[in-house]
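Novice: With the sequence up front, the predicted model follows.
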Amino acid sequence: MQSLYEWEFRDHKDLDEIVTRNIAEFAKDVSEEYVWKVVRGVVENIDAINALIVEAAPEWPLEQVARVDKNVIRVAVYEMLFDPEDDVPPRVSINEAIEVAKTFGSESSSKFVNGVLGFIYRKHEERLKPRDVR
């Protein structure tokens with residue numbers, strides 16, 4: 001999330017540099033391979049992911065959604081719907097996203113993230129059910 005946030009803040013420039021630096025500085029207990037997979041997966045699917053966010057929160061133009069919230073949601077949506085390895089069960093992705101939003105977002109971020117991801121989960125529930133029962 002942090003790398004995607006910074007990448008967006010820098011007008012979608014220097015992604016490799018950002019991710020490499022953030023891994024070296026912050027990701028001591030996280031798989032570097034997994035970080036790269038998620039970041040690249042979000043970037044490769046960003047239009048589809050953004051469309052899902054817009055559908056879930058039509059009253060919030062995407063450019064007005066806080067960058068932290070937007071990127072927390074993007075990571076969770078990637079994990080839920082686009083990750084070919086299905087590494088993380090959807091409910092775990094949602095839970096983690098809410099916790100990250102509580103830590104790094106505004107006072108209302110966790111509610112917004114929960115609402116958007118809940119909508120997306122319910123809309124795609126049939127597709128997600130087999131993955132959620134691990």
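Specialist: Nice, I can see it. Numbers count the residues shown, from 1 in each chain.
Novice: Assign residue 28 to one of the three secondary structure states.
Specialist: Following DSSP: H, G, I helix; E, B strand; the rest coil, residue 28 is assigned to coil.
Novice: What's the local residue count around it?
Specialist: For residue 28, the count of nearby residues is 7 (other C-beta atoms under 10 Å). Every residue, glycine included, has its C-beta placed from N, CA and C.
Novice: Model confidence for it, exactly?
Specialist: In this model, residue 28 is scored at 72, pLDDT.
Novice: Any figure for the gap between it and residue 81?
Specialist: Remark: distance between residue 28 and residue 81 (C-beta to C-beta, to the nearest Å) = 29 Å.
Novice: Over to residue 66?
Specialist: Distance from residue 66 to residue 81, by C-beta to C-beta: 22 Å.
Novice: ok, residue 117 to residue 25 distance?
Specialist: Note on residue 117: its distance to residue 25, by C-beta to C-beta, is 28 Å.
Novice: higher neighbour count, those two?
Specialist: When residue 117 and residue 25 are compared for neighbours, residue 117 comes out ahead with 26 against 9, by other C-beta under 10 Å.
Novice: CA atoms only for the one helix or strand that one maps to - export them in CSV, please.
Specialist: Using DSSP states H and E, the element containing residue 117 is helix 109-123. Backbone C-alpha positions of helix 109-123 (Å, rounded to 0.1, in the frame of the first residue of the first chain) are rendered in CSV as follows:
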residue,chain,number,x,y,z
SER,A,109,-11.3,5.6,6.5
SER,A,110,-12.0,2.2,8.0
LYS,A,111,-15.7,2.6,7.5
PHE,A,112,-15.3,3.7,3.9
VAL,A,113,-12.9,0.9,3.2
ASN,A,114,-15.2,-1.6,4.8
GLY,A,115,-18.2,-0.3,2.9
VAL,A,116,-16.5,-0.4,-0.5
LEU,A,117,-14.9,-3.8,0.0
GLY,A,118,-18.2,-5.2,1.5
PHE,A,119,-20.0,-4.1,-1.6
ILE,A,120,-17.4,-5.7,-3.9
TYR,A,121,-17.4,-8.9,-1.9
ARG,A,122,-21.2,-9.2,-2.0
LYS,A,123,-21.3,-8.5,-5.7
